[in-house]
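mind folding the following:
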Amino acid sequence: NSNSSSAGTGGGDPDAAAALHQPSTCPSCDGNGPFRINTTRTEYRNYQKVNLQETPGSVPPGRVPRTKEVIFTNDLIDVARPGEEVEITGIYAHSYDYNLTQKSGFPVFSTFIHANHVRRKEDASASANLTEGDKAQILELARDPKIGERIIASIAPSIYGHRHVKMALAMSLFGAVPKNIDDKHRIRGDINVLLLGDPGTAKSQMLKYAEHTAPRAVYSTGKGASAVGLTASVHKDPVTREWTLEGGALVLADRGVCLIDEFDKMNEQDRTSIHEAMEQQTISVSKAGIVTSLQARCSVLAAANPIGGRYDSSCTFAENVELTDPILQRFDLLCVMQDTVDPVADERLAKFVTGSHMRSVATSELTRGLVVMPEEKQDEQHRTDLLIPQGLLRKYIQYARTNVKPVLRENTFDKEKIASLYVALRRESQTLGGVPIAVRHIESIMRLSESHAKMHLREYVREDDMDASIGIMLHSFITAQKFSVRRQLQRSFAKFLSSGEDRE
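Numbering: from 1, shown residues only. The predicted structure is shown next:
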């Protein structure tokens with residue numbers, strides 16, 4: 001991944017970029033100098049130095065990722081942005097390092113790669129590179145009336161249950177439509193999700209799945225992430241000796257997903273630094289004479305553990321986690337994942353896990369014919385037929401994010417329903433506590449309905465999209481309350497929930 005980049009102009013050979021080599025004698029008059037640069041007759045070209053780092057997955061055991069300096073010239077400038085996975089073709093060259101030679105007393109040569117071609121890994125699934133066959137497959141999938149169910153079933157298929165979490169994850173991956181009113185007032189279109197639950201409920205696995213599926217994702221953990229690591233840092237550039245900005249995780253995840261595990265373990269000062277990034281989607285920096293604003297248009301997917309390790313149903317969501325109200329309000333969806341004891345569900349889960357272990361055969365052995373694929377039962381066969389292949393799902397998400405922009409129309413949904421829902425949510429939130437409900441949650445309902453329409457590749461938001469978003473929002477609100485009042489809340493909010501049967 002190209003971690004840091006700095007651009008500057010340099011003349012002559014890229015090998016001689018660090019220092020200017022002056023001739024010893026003049027070829028025309030044999031004079032020994034002094035020489036000065038003729039700026040009018042000098043040929044200039046673009047020059048950029050980047051550091052290439054190994055991907056964490058390909059690092060041998062017990063080693064740290066190695067870095068190598070790469071030099072881009074001419075039209076290769078700014079082809080790759082920091083944080084992207086790239087494949088570079090170039091010439092492996094060396095240059096004479098004068099300073100190191102002076103220190104060590106013998107000639108020292110530093111090596112670098114003079115790049116000739118750069119290919120970004122994400123281009124393979126990018127919507128611009130989709131073939132006609134891919135697009136036809138995607139549109140064929142979208143015609144399936146049960147495509148919403150199939151997408152949710154295909155999200156993290158190796159994890160059993162947790163349908164509401166998979167739904168939230170799918171909505172976050174598809175995203176909504178950002179609004180920019182006359183370039184003055186911007187409303188974000190990214191959906192932030194917080195997963196809170198007991199140990200062993202596959203929170204980190206959900207995040208890891210999102211990292212592999214999202215077109216652009218940056219993963220970090222709470223303890224290993226500081227405020228500077230998440231937002232932006234200022235450091236001295238080795239080439240120009242000037243102060244330069246280096247983007248953190250939220251900046252690198254621009255137009256993608258930022259995943260933060262162990263969110264509750266972060267320091268309070270570090271957590272407040274992402275307030276601005278989660279709502280305004282910018283990061284303002286004023287350090288070392290640099291006053292600027294960086295873009296951080298990304299969804300934040302965070303996972304946290306409750307106080308004391310396990311979720312206590314007799315307390316509200318806010319009492320179960322050490323997070324302040326301002327940060328809880330910025331999450332569109334709060335998903336509670338509880339590990340409850342239920343003999344029937346436990347038996348199903350055990351069968352699912354053992355079955356998936358039995359079906360997991362090493363691909364290399366399968367291709368060589370050393371092992372055969374175990375036979376699937378009838379019900380398992382039916383379940384796998386519903387699943388969308390992961391490669392196609394990735395392309396579907398990329399296509400929907402790029403090409404589909406659902407519109408909220410006047411006559412396609414009931415505005416009165418949303419207004420009365422908001423009033424009821426505010427009233428219950430005031431009396432019962434739990435999660436504070438604010439104006440942001442109306443915007444969240446709009447965002448979730450747009451994301452649901454995107455899943456079906458629709459041009460506008462329909463009534464059923466709005467019903468689905470209200471359903472997931474109410475599920476998020478009710479599960480965040482004490483167990484004793486959940487049933488009463490479900491009864492009082494039942495009028496806002498309409499199932500598919502009602503429409504048929």
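
just the element for residue 392, please.
Using DSSP states H and E, residue 392 maps to helix 390-403.

that helix - what's its average pLDDT?
For helix 390-403, the mean per-residue pLDDT is 82.

so the most centrally placed residue in the chain bridges to which residues?
For the chain, residue 257 is the residue whose C-alpha lies nearest the centre (Cα atoms, centre = their mean; 1.4 Å). Beta-bridge partners recorded for residue 257 (DSSP bridges): residue 217, residue 299.

for it, what are its contacts?
Contact partners of residue 257, counting by Cβ atoms under 8 Å, 6 or more residues apart in numbering, are 172, 173, 210, 211, 214, 216, 217, 218, 298, 299, 300, 301. Every C-beta, even on glycine, is put in place using the N, C-alpha and C of the backbone.

just the buried ones out of those, please.
Listed as buried from those are 172, 173, 210, 214, 216, 217, 218, 298, 299, 300, 301; burial here means 16 or more other Cβ atoms under 10 Å.

for those residues, which one is nearest residue 135?
Nearest to residue 135 among the buried ones among the contacts of residue 257: residue 173, at 19.3 Å, using Cβ to Cβ.

and that closest one, which of the three is it?
Following DSSP: H, G, I helix; E, B strand; the rest coil, residue 173 is assigned to helix.

what sits against the nearest residue to it once chain neighbours are set aside?
Among residues not flanking residue 173 along the chain, residue 397 sits closest, at 5.5 Å (Cβ to Cβ, 6 or more residues apart in numbering). Going by Cβ under 8 Å, 6+ apart, residue 397 touches 173, 174, 213, 214, 215.

repeat that for 10 Å
125, 127, 138, 151, 170, 173-175, 213-215, 454-455 (Cβ atoms under 10 Å, 6 or more residues apart in numbering).

relative to residue 146, how far out is residue 312?
37 Å (Cβ to Cβ, to the nearest Å).

try residue 311
32 Å.

who has more neighbours out of these two?
Shown here are residue 311 and residue 146; by other Cβ atoms under 10 Å, residue 311 has more neighbours (22 against 9).

which residues touch the more buried one?
When the contact criterion is Cβ under 10 Å, 6+ apart, the partners of residue 311 are 196-198, 201, 305, 317, 320-321, 336-340, 479.

I only care about those residues that end up buried; give me the ChimeraX line for that.
Only the buried entries of the contacts of residue 311 go into this ChimeraX selection, using 16+ other Cβ under 10 Å:
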select :196,197,198,201,305,317,320,321,336,337,479
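
what about the strands in the stretch 1-150 of the chain?
2-10, 45-53, 67-73, 86-96, 109-120 (DSSP state E, counting those that start in this stretch).

would you list every one of the strands in the stretch 301-450 of the chain?
Under DSSP E, counting those that start in this stretch, the stretch 301-450 of the chain gives strands at 333-337.

sketch out the low-pLDDT regions of it for me.
In the predicted model of the stretch 301-450 of the chain, residues 360-385, 411-413, 433-434 satisfy pLDDT under 70.

ok so, going back, for the contacts of residue 397, which one is nearest residue 75?
residue 127 (23.2 Å).

gap between stretch 165-179 and the chain center?
Remark: stretch 165-179 is offset 11 Å from the chain centroid, using Cα atoms, centre = their mean, to the nearest Å.

correction: the previous question concerned stretch 471-483.
25 Å.

CA atoms of it as PDB?
Taking C-alpha atoms only, stretch 471-483 is exported to PDB below (Å, rounded to 0.1, in the frame of the first residue of the first chain):
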ATOM      1  CA  GLY A 471     -38.400  -1.500  10.700                       C
ATOM      2  CA  ILE A 472     -34.600  -1.600  11.200                       C
ATOM      3  CA  MET A 473     -34.600   1.800  13.000                       C
ATOM      4  CA  LEU A 474     -37.300   0.600  15.400                       C
ATOM      5  CA  HIS A 475     -35.400  -2.700  16.000                       C
ATOM      6  CA  SER A 476     -32.300  -0.700  16.800                       C
ATOM      7  CA  PHE A 477     -34.200   1.600  19.200                       C
ATOM      8  CA  ILE A 478     -36.200  -1.200  21.000                       C
ATOM      9  CA  THR A 479     -33.200  -3.500  21.500                       C
ATOM     10  CA  ALA A 480     -31.400  -0.600  23.100                       C
ATOM     11  CA  GLN A 481     -34.000  -0.400  25.900                       C
ATOM     12  CA  LYS A 482     -34.300  -2.500  29.100                       C
ATOM     13  CA  PHE A 483     -35.700  -6.000  28.600                       C
END
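
only the buried residues of it, if you could.
Quick answer for stretch 471-483 (16+ other Cβ under 10 Å): 471, 472, 473, 474, 475, 476, 477, 478, 479, 480, 481, 482.

residue 493 is in contact with the fourth one, correct?
Yes: with the criterion set as Cβ atoms under 10 Å, residue 474 and residue 493 qualify as a contacting pair; they are 5.3 Å apart.

okay, and the common contacts of the two?
Counting by Cβ under 10 Å, 6+ apart, the contacts common to residue 474 and residue 493 are 421, 424, 425.

residues contacting the second one?
Right, the one you point to is residue 424. Shown in contact with residue 424 (Cβ under 10 Å, 6+ apart): 437, 474, 489, 492, 493, 495, 496.

that one and residue 218: what is the separation?
For residue 424, the distance to residue 218 (Cβ to Cβ) stands at 38 Å.

same check on the last one?
If you measure residue 425 against residue 218 using Cβ to Cβ, the figure is 33 Å.

also residue 85?
Distance, residue 85 to residue 218, by Cβ to Cβ: 11 Å.

which of the contacts of residue 311 sits closest to residue 429?
Nearest to residue 429 among the contacts of residue 311, with distances taken as Cβ to Cβ, is residue 317, at 11.1 Å.

what number of residues lie near residue 419?
Neighbours of residue 419 using other Cβ under 10 Å come to 11.

surely it touches residue 496?
No: under the criterion of Cβ under 10 Å, residue 419 makes no contact with residue 496, lying 11.5 Å away.

now the terminal residues of stretch 74-89, how far apart.
Using Cα to Cα, to the nearest Å, the gap from the first to the last residue of stretch 74-89 comes to 15 Å.

sec struct for residue 201, please.
Looking at residue 201 with three-state DSSP, the answer is coil.

just the pLDDT for it.
79.

what's the closest non-adjacent residue to it?
residue 337 (4.0 Å).

can I take it that residue 209 is in a strand?
No: secondary structure of residue 209 (three-state DSSP): helix, not part of a strand.
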